[in-house]
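Colleague: got a sequence here, can you build the structure:
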Amino acid sequence: MENLRIWVKMMTKKYEIVLNYIKDLSVEIPDAETFIFSKEYITKYSLGINITTKGMKNNIIEVITKLHYKDPNENKRKSYFEISYATVVKITDKNLNKEELEKIILIEVQNEIYPGLEKKFLNIINDAGFPNLTLEKKVDFEKLYNQRLN
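Modeller: As a prediction, the model looks like this:
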């Protein structure tokens, strides 16, 4: 019975996503020549991810997940795409230590929101004139978290 109680406690979600929204959005294509050049090289662009937080009242945290998609080379003609996605998270377990809270924000919340965020971001890039763009590599937030510690 004790093992069951421990298992149920582990399986209980320690946070709740209250809401999420696009906080900021940027699509930069300076001119037609840049668009034509970018269209040819967009598959060579790289995706960057940055996650920040802002504490609020009542165990609520605003988590900002920023994606940017840009040319990693020093080309003069390049386009730039960025989305800042806010997720408001209520921490329901008041007994979390710092590491548990970090894992919730950097792994669990990201795993939950990222598929929808990636779809929104790709739709915006597609609507900007770059149809059929896909991101080949799936993001492993647990691996990123562990790399951050090393």
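
Colleague: show me the contacts for residue 41.
Modeller: Taking CB atoms under 8 Å, 6 or more residues apart in numbering, we find residue 41 in contact with 71, 75. Every residue, glycine included, has its C-beta placed from N, CA and C.

Colleague: quick one: low-confidence parts of this protein?
Modeller: 1-11 (pLDDT under 70).

Colleague: need the strands for it, in chain order.
Modeller: Along the chain, the segments classed as strands by DSSP state E run 15-28, 46-55, 60-70, 80-91.

Colleague: what angle sits between the third one and strand 80-91?
Modeller: Same thing as strand 60-70. 160 degrees (axes from the mean of the first three to the mean of the last three CA atoms, to 10 degrees).

Colleague: and strand 60-70, what's buried?
Modeller: 61, 62, 63, 65, 66, 67, 68, 69 (16 or more other CB atoms under 10 Å).

Colleague: got it, and the first one?
Modeller: In terms of neighbour count (16+ other CB under 10 Å), strand 15-28 has its buried residues at 15, 20, 27.

Colleague: which helix runs longest in this protein?
Modeller: helix 109-127 (DSSP state H).

Colleague: can you name the residues in contact with that helix?
Modeller: Under CB under 8 Å, 6+ apart, the answer for helix 109-127 is 15, 17, 20, 22, 25, 27, 51, 63, 65, 67, 69, 81, 83, 85, 87, 89, 132-135, 139, 141.

Colleague: could you check how far the spatially most central residue of the chain is from residue 53?
Modeller: Closest to where the C-alpha atoms of the chain average out (CA atoms, centre = their mean) is residue 65, at 4.2 Å. Residue 65 is 10 Å from residue 53, where distance means CB to CB, to the nearest Å.

Colleague: buried ones in stretch 80-93, by neighbour count?
Modeller: Result for stretch 80-93 [16+ other CB under 10 Å]: buried residues 80, 81, 82, 83, 84, 85, 86, 87, 88, 89, 91.

Colleague: need the max-distance pair from those.
Modeller: Greatest spacing in these, by CB to CB: 80 and 91 (34.1 Å).

Colleague: residue 93 contacts residue 14, correct?
Modeller: Yes. Counting by CB atoms under 8 Å, residue 14 is a contact partner of residue 93 at 3.8 Å.

Colleague: who's in contact with the spatially closest residue to residue 29 that is not a sequence neighbour?
Modeller: Nearest non-adjacent residue to residue 29, counting by CB to CB, 6 or more residues apart in numbering: residue 79, 4.6 Å away. Residue 79 is in contact with 27, 28, 29, 30, 34, 35, 38, 42, 70, 71, 128, counting by CB under 8 Å, 6+ apart.
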